[in-house]
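>>> need a structure here:
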Amino acid sequence: MWDIHMRILAEAEYIVKTNSTVRACAGHFGISKSTVHKDVTERLEEIDSKLFESVREVLDKNLSERHIRGGLATRSKYERARKNFS
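Have a look, this model is predicted:
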């Protein structure tokens, strides 16, 4: 049980420190996105409510910006394709 708590706290601190997404955090720690999401949205609140609020702010910000990042990625993809075609 202690190992799980340490993992949850490490994930939460990483997200807050780097403003990372759940996907980036999962890649950093080598675990699934669902595990990270469950850890920081459900389990963390019982362990450290103040850290939970900080993580929640980062996740909410990432959620509100998701459509922008997706659009930029699509734009970049087509610009690369256009350069390769020319």
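>>> At which residues are the strands of the protein located?
Taking DSSP state E, the chain contains no strands at all.
>>> Would you mark the buried spots in the helix or strand bottoming out on mean pLDDT in it?
Least confident helix or strand, the chain: helix 49-85 with a mean of 87, by mean pLDDT, DSSP states H and E. Residues of helix 49-85 classed as buried by neighbour count (16 or more other Cβ atoms under 10 Å): 51-52, 54-55, 58-59, 62. All C-beta spots, glycine's among them, are computed from the backbone N, C-alpha and C.
>>> Please identify which of those residues is nearest to Asp3.
Nearest to Asp3, judged by Cβ to Cβ, of the buried residues of helix 49-85 is Leu51 at 17.7 Å.
>>> distance of the closest one from Glu13?
Between Leu51 and Glu13 the distance is 7 Å, computed by Cβ to Cβ, to the nearest Å.
>>> One more: Glu45?
Glu45 is 15 Å from Glu13, by Cβ to Cβ.
>>> cool, and Asn62?
Counting by Cβ to Cβ, the gap from Asn62 to Glu13 is 16 Å.
>>> which residues touch Phe29?
7, 10-11, 14, 36 (Cβ atoms under 8 Å, 6 or more residues apart in numbering).
>>> Check Met1 and give its pLDDT.
For Met1, the pLDDT comes out at 66.
>>> List only those of the contacts of Phe29 flagged as buried.
Looks like those have 7, 11, 14, 36 buried, using 16+ other Cβ under 10 Å.
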